[in-house]
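dropping a prediction and its sequence here:
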Amino acid sequence: MTSSQGDRGDAARQALAELLGTTEIDIVNETEGRLPSGEEVRQVSATVRGEPNQAASVVVDASGEAQPLRRLEALYGRGFLAPAAVRERPTLTPTPTPPVTIDPPTNAWTLPECVTEDETVTVFVPKSTVPPKADVYLLADTTLSMAPILSAVQAGIDTVVNSLGGFDVAWGVGNYKDFPIPTPNPYAFQHQLSPTTNLIDVGTAVGSWSPADGSDIPEGQLYALTQVATDSAIGWRPDSKRILVWFGDAPGHDPICTAISGFGTDITEATATLALQGPPTITVVAISTVTGVPAALDADPTVGSSDYGVCTVGGSPGQATNIAAATGGSHTTGVDPTTIINTLISLISAAVQSINHLVLQPSGAIAPFVTSITPPSYDSLAGDVDHTLPFDVTWTGVVDCADDDQVFTGSLDVVADGNVVASKPVTITVPACRWHHSTEMICGLQRGRNDDDKHDDDDKRDECQTVVDGRYATAVTIYNPSTCNVTLVKYFAPLILDGKPVGREPRTVLARPFAKLLLGPGEATLEDCCSLQEAVGPTGGPLVLGVLDIVADHSLEVTVTHTANGAGEAATSINARTIRPRRA
């Protein structure tokens, strides 16, 4: 140390002792700067030993004269000291990375009302590529006790911002102090730089941090966190992952009441957490430094709170741990000036490359058709490995038919930490209503079992008779009275086959299509026991009974005629009726 430097140091210490009212002081920061006139000066800051927020600063010129920082701020205004020149930093061009993919890549469903379809959608996430964009906002406590940490960050900011060269990372900068304002603090939160890839601007913003002020122990970070989450001036990029890197050495006042902040509502740990959770979520990476109270950001906010006379004193320890956990982030403790740079690099790299919460989410008009997605999410996905993530998706027809086909479009989106990183287009068609003409068909011979009249085929007879003994036949006439061609499909659900019940409750039988034809204007056709053989085979033997459904794209004139010939001397009966169509 030269004699001149020693004299300046003695002058600074003496002036600081006078300002703080004690010689028991610790020099916590020394910064070179320039006055508006261009004169080179040194800013020296100190705290009362054991009371990190009882602090003062002086400015020492080349002659060794020390003046209180407050006096010069009154003369030149706050922030009058120009920082040392910041060397140019290159703007990085992100390296292209493989995309997130979805398999199958598209969907085209036909979903009549109540019809259900299941599929497995597989999302592939390549390592170190999601999210494709990240905004990292550096939020520092710039009260005086943080001086050694701030100096270390200013010295190492180049290393930090250049550590993620392969990613599209934008950097934002802000800092906080405390209320009341404008005295003893100039501001509670200062937004300095919106997220940008211009690293020169990032370094300049960080270089302007000036450790000063603070007064009592708790600070105003809950206000700062709320502003970062809710103020549109922050300038988050809309399609980026949002990461807030917050470092400090003291807890936050809780509540920050409206009387002291001028904010619309009281700010608490709970309201700040809710704001950060979004959507979109801002992942909070909290760092507690050793320069202040022992528990730093997690300390008890009621201890040493003396500046908020108009607000109640409240809150609980653990603020940083709670907020980080609620946003999928982390809280690191015990960081000192020698470890802050490596800590920042490690934590920011992990936050940028990892995925805290990934979901498959329907969007657009197809969303109501998705009735289940399992699992609901994948969480805590490391960024240095590939991930193959299957989702089981259930689609259900939830829209009634109309005169014409209805088409719904949208997408299934892969959302990682609140940002859409992949999508697949989906089209759902709800087919136009069809006309259903349903009737029973009964064909063949029903013969009751008589112990005096046993036959070899008795085992084919139903112990419980569905219809009385006799021979049955059914004829269905189908007529197109319109001037249009009508396409119809015939479905049949057999309930008794070959004399045996196959659809007696609780058993059920699905109606299956067995014939399709085009019926021209004025044309007619017949369905009877013989043509029913297309559906169930021979029908002239033991009893066949079931439901016939004629499904057409227009209404038809349909009649059914049943003929029955009773046992013994019983007469033949015939019955006919018109089938009333139903639209569905």
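Nice, thanks for sending it over.

tell me the contacts of the residue most central in space within the chain?
Residue closest to the average C-alpha location in the chain (Cα atoms, centre = their mean): G418, at 4.1 Å. Neighbouring residues of G418 by Cβ atoms under 8 Å, 6 or more residues apart in numbering: 241-242, 278-281, 357. All C-beta spots, glycine's among them, are computed from the backbone N, C-alpha and C.

can you report phi and psi for it?
With angles defined as degrees, to the nearest 10, G418 sits at phi 90, psi 0.

tell me the confidence at it?
Looking at G418, its pLDDT stands at 75.

adding secondary structure, distance to N175 and neighbour count as columns, could you present the contacts of G418 in CSV?
Conversion of those to CSV gives the following (DSSP: H, G, I helix; E, B strand; the rest coil; distance: Cβ to Cβ, whole Å; neighbours: other Cβ atoms under 10 Å):
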residue, secondary structure, distance to N175, neighbour count
K241, strand, 22, 29
R242, strand, 18, 27
G278, coil, 23, 14
P279, coil, 26, 8
P280, coil, 23, 17
T281, coil, 23, 20
H357, strand, 29, 17
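
please name the nearest non-neighbouring residue to the residue nearest to the centre of the chain.
P280 (3.0 Å; Cβ to Cβ, 6 or more residues apart in numbering).

surely the one you found touches D417?
Yes. The pair P280 / D417 is scored as a contact, 7.4 Å apart, by Cβ atoms under 8 Å.

list the residues that contact both of these two?
Shared contacts of P280 and D417 (Cβ under 8 Å, 6+ apart): R242.

okay, how far is it across stretch 195-203, tip to tip?
13 Å (Cα to Cα, to the nearest Å).

actually, stretch 208-227.
By Cα to Cα, one end of stretch 208-227 lies 20 Å from the other end.

how about the helices in the stretch 401-550 of the chain?
Remark: helices assigned in the stretch 401-550 of the chain by DSSP state H, counting those that start in this stretch are 533-536.

pLDDT score for T120?
pLDDT, T120: 96.

just grab the bridge partners of it for me.
D392 (DSSP bridges).

next up, the contacts around it.
390-393.

return a ChimeraX selection command for the buried portion of those residues.
Applying 16 or more other Cβ atoms under 10 Å to those leaves a buried subset, and the ChimeraX line that selects it is:
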select :391,393
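
pick the one among the contacts of T120 closest to V153.
F391 (41.5 Å; Cβ to Cβ).

low pLDDT regions in the stretch 1-150 of the chain?
Within the stretch 1-150 of the chain, the ranges that satisfy pLDDT under 70 run 1-9, 52-53, 74, 77-97, 128-132.

can you rerun that using 80?
1-9, 28-34, 36-38, 45-56, 69-98, 128-132 (pLDDT under 80).

got the domain ranges for the chain?
When the chain is parsed into structural domains using automatic domain parsing, the resulting residue ranges are 3-76, 101-127+356-430, 133-338, 435-583.

where along the stretch 1-150 of the chain do the strands fall?
All strands of the stretch 1-150 of the chain, identified by DSSP state E, counting those that start in this stretch, fall at 25-34, 40-48, 51-60, 66-68, 101-103, 107-110, 116-125, 133-141.

quick one, which of those is packed in tightest?
Of all the strands of the stretch 1-150 of the chain, strand 133-141 has the most neighbours on average by mean count of other Cβ atoms under 10 Å, namely a mean of 25.

parallel or antiparallel, which strands does that one pair with?
Next to strand 133-141 in the sheet, as set by DSSP bridges, lie strand 168-176 (parallel), strand 241-248 (parallel).

buried residues in the next helix or strand after the last one, which are they?
Same thing as strand 241-248. Downstream of strand 241-248, the first helix or strand assigned by DSSP states H and E is helix 258-261. Across helix 258-261, burial judged by 16+ other Cβ under 10 Å covers 260-261.

now helix 258-261: mean pLDDT?
Averaged across helix 258-261, pLDDT comes to 92.

send me it as PDB with only the CA atoms.
Output in PDB follows, covering the C-alpha atoms of helix 258-261 (Å, rounded to 0.1, in the frame of the first residue of the first chain):
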ATOM      1  CA  THR A 258     -50.500  -0.500   1.600                       C
ATOM      2  CA  ALA A 259     -49.900   2.400   3.900                       C
ATOM      3  CA  ILE A 260     -46.100   2.100   3.400                       C
ATOM      4  CA  SER A 261     -46.000   0.700  -0.200                       C
END
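
how far away is the residue nearest to the centre of the chain from T388?
With distances taken as Cβ to Cβ, to the nearest Å, G418 is found 22 Å from T388.

give me the pLDDT value at the residue nearest to T268 when sequence neighbours are not counted.
The spatially closest residue to T268, leaving aside those adjacent along the chain, is P255, at 4.7 Å (Cβ to Cβ, 6+ apart). Per-residue confidence at P255 stands at 95 (pLDDT).
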